[in-house]
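A.B. asks: 3D model of this:
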Amino acid sequence: MSSETSARRPNSGAVTTGPSSCTGRPPTAETPTRCRNLVELRERAGDQAGAEVLAVRAADRGDTRALTDLAERRERAGDRAGAEALYQRAVDQGDTGALWSLAVLRERAGDSAGAEALYRRAADCGDTDVLRCLAILRERAGDRAGAEALAVQVADRGDTDALTDLAVLRERAGDPAG
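C.D. replies: You can find the predicted model right below:
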């Protein structure tokens with residue numbers, strides 16, 4: 001489970017009319033992708049502070065991918081609260097993939113109930129991979145019937161890997177027939 005699997009809002013390709021919010025110079029075809037490319041160039045040049053400034057500008061323009069990228073930076077820096085706030089901001093702007101990332105943070109923090117609620121919200125938005133995570137959470141919590149029901153839901157949607165996941169978990173727990 002990583003943010004790489006998260007849903008990303010498509011590039012709008014919008015052309016701006018004022019100065020570029022990324023560079024401060026007159027625009028050509030300002031897009032979220034262009035801002036992210038500038039961020040990557042700054043990072044490669046070793047200018048982490050400059051990369052962060054550009055990423056914040058892109059995020060402030062509504063680029064949810066920039067928000068999730070910033071959240072990942074905060075995670076790597078050990079700032080879980082900052083990461084959660086940025087993921088939540090992305091969720092508030094419609095990035096359902098950020099729900100998954102929030103759920104992972106909550107799960108790592110030991111908040112299984114909070115993680116499950118967020119995974120369910122993501123599943124309600126149509127993310128079937130999240131149902132696999134929920135099945136594993138239910139299994140780890142001792143809710144074998146709930147885990148199996150979720151795995152069957154995923155299988156009914158064409159992904160039988162969830163059933164395999166459960167079988168592996170049960171075999172590792174000493175229940176090869178489970």
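
A.B. asks: helix/strand/coil for residue 87?
C.D. replies: Secondary structure, DSSP: H, G, I helix; E, B strand; the rest coil: residue 87 is helix.

A.B. asks: contacts only, for it.
C.D. replies: 67-68, 71, 98, 101-102, 105 (Cβ atoms under 8 Å, 6 or more residues apart in numbering). C-betas here are computed from N, CA, C, even on glycine.

A.B. asks: ok, of these, which come out buried?
C.D. replies: With burial judged by 16 or more other Cβ atoms under 10 Å, the buried subset of these is 67-68, 71, 98, 101-102, 105.

A.B. asks: columns pLDDT on top of those, output as TSV?
C.D. replies: Formatted as TSV, these follow (pLDDT from 0 to 100):
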residue	pLDDT
67	87
68	90
71	92
98	91
101	92
102	93
105	93
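
A.B. asks: for these, which one is nearest residue 116?
C.D. replies: residue 102 (11.8 Å; Cβ to Cβ).

A.B. asks: for the closest one, give its distance to residue 172.
C.D. replies: Residue 102 is 27 Å from residue 172, where distance means Cβ to Cβ, to the nearest Å.

A.B. asks: what of residue 117?
C.D. replies: Using Cβ to Cβ, residue 117 is found at 26 Å from residue 172.

A.B. asks: gap between the helix or strand harbouring residue 41 and the chain center?
C.D. replies: Secondary structure from DSSP states H and E places residue 41 in helix 32-44. Helix 32-44 has its average C-alpha position 20 Å from the chain's average C-alpha position, going by Cα atoms, centre = their mean, to the nearest Å.

A.B. asks: could you point out the helix or strand that follows that helix?
C.D. replies: helix 48-60.
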